Each structure stands twice: as C-alpha cells, then as structure tokens.
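Q: Coordinates for the following, if possible.
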Amino acid sequence: MVIMGIDPGIAIVGYGVVKYEGNKFTPMDYGAIRTDSSTGLSQRLLYIYNRLEEIIEKYKPDAISIEELFFNKNIKTALTVGHGRGVAVLAAARANIEVFEYTPLQVKQSVVGYGRAEKTQVQHMIKVILNLKKTPKPDDVADALAVAICHGNSCKMINLVP
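A: Down below sits the predicted model:
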C-alpha cells in the first residue's frame, strides 16, 4: 500500500509518501511545497494544488492521509491554513483517492505511543521508523510522514490493508 501524508499549510505544505508492506514502512519521497508570502492567496493555492497533483500522479497513492486542523488562536492563520487544506483534499478527490483525516493527538499516539508527545519525540520516531539518516526538515515534512504512518497503523487495526 502506498500512502501519502500531508501536513497542510499555506506557506509550507509538508508531504510524505511511504510504502507500507508487511508491517514495514519505506520512504518513497518527502519534502515541502513552499509558497512566497508576497504572492496573492489564489496563486499560492494554485501552486500548492499543481505540486500536489504532480506528486499524486507520480506515486499514485492508494490513500491520502491529512492532519486535521488544530484550531489556532489566530483566526486569520487558521482560515488560510484551512484554504491550503481544502486544496489538498481537492487534489486527492480529483485523483479519485480516498482521504483519511487524523487529529494531531491520533498521529502522536500512533507514532510515539503517547498522544501528548513533544514534536521532537515525533521527529525522532519518524527517523527511526523510516530508517532515515537524519530528521526530515522542516517540521512540516516530519509531520506529513507521521500522518502517513498513522494511516498505515490505523489500516492495520481495522483491516484495510490488503
């Protein structure tokens, strides 16, 4: 099973594509889609959509997992991140790929075993689980890989893995 994880945003969208086979996760690709703050919102969203579409087309994931929004005290920031999240869901829907959503608590529980884990603990576990030489940067990339791993672990529990 190929799983794409997305950590939505507007300035930075983290993505990670992993292969899940026989209880083992193997990284296929990961990185960050960055947009320029001097560019208008609609053009930033279009750029994110186009890049996600390219990645989806290249790896043809079986599932896309995305982190649910954690409500920010800054409503304007939450709204713009929500726009970025909507574009990610749209890219998945246009490719006819089912989207699975997980809360930050579920992701941390799945990857670290503790829902209130610190970001550094999640990053360390991503490095270990995927047998990476170094921790993926920026944080959004590690978060995207974590949400992909969370989906793999969740599928195993509810028998969605073929």
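Q: How much space separates the residue lying farthest from the centre of the chain from residue 46?
A: Each residue of the chain has a distance to the centre, and by Cα atoms, centre = their mean the biggest one is for residue 38: 24.8 Å. Using Cβ to Cβ, to the nearest Å, one gets 15 Å for the distance from residue 38 to residue 46. Backbone N, C-alpha and C define where each C-beta goes, glycine included.
Q: returning to what we had before: assign a three-state SS to the residue farthest from the centre of the chain, would you?
A: coil (DSSP: H, G, I helix; E, B strand; the rest coil).
Q: And for the one 10 residues further on?
A: Using three-state DSSP as the criterion, the local structure at residue 48 reads helix.
Q: ok, now residue 9?
A: Taking three-state DSSP, the label given to residue 9 is coil.
Q: And it, its phi and psi?
A: Main-chain torsions, residue 9, degrees, to the nearest 10: phi -170, psi -170.
Q: That one and residue 128: what is the separation?
A: The gap separating residue 9 from residue 128 is 25 Å, by Cβ to Cβ.
Q: of those two, who's got more company?
A: residue 9 (23 against 10; other Cβ atoms under 10 Å).
Q: any idea how far that one is from residue 51?
A: In terms of Cβ to Cβ, residue 9 sits 12 Å off from residue 51.
Q: do the same with residue 141
A: Look at residue 141 and residue 51: by Cβ to Cβ, they are 14 Å apart.
Q: can you list contacts of stretch 39-53?
A: 6, 10, 13, 15, 33, 35-36, 80, 83-84, 87-88, 90-91, 94-95 (Cβ atoms under 8 Å, 6 or more residues apart in numbering).
Q: what about 6 Å?
A: 13, 33, 35, 83, 84, 87, 88, 91 (Cβ atoms under 6 Å, 6 or more residues apart in numbering).
Q: List the buried residues in that stretch.
A: 44, 45, 47, 48, 49, 51, 52, 53 (16 or more other Cβ atoms under 10 Å).
Q: so can I have CSV of those showing pLDDT?
A: Converted to CSV, those look like this (pLDDT from 0 to 100):
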residue, pLDDT
44, 97
45, 97
47, 98
48, 98
49, 98
51, 98
52, 98
53, 98
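Q: any idea which of those residues is closest to residue 108?
A: Each of the buried residues of stretch 39-53 was scored against residue 108 by Cβ to Cβ, and residue 52 proved nearest at 24.1 Å.
Q: May I have the phi/psi pair for the closest one?
A: Main-chain torsions, residue 52, degrees, to the nearest 10: phi -60, psi -40.
Q: picking up where we left off before, please flag which of the contacts of stretch 39-53 sit within helices.
A: 83, 84, 87, 88, 91 (DSSP state H).
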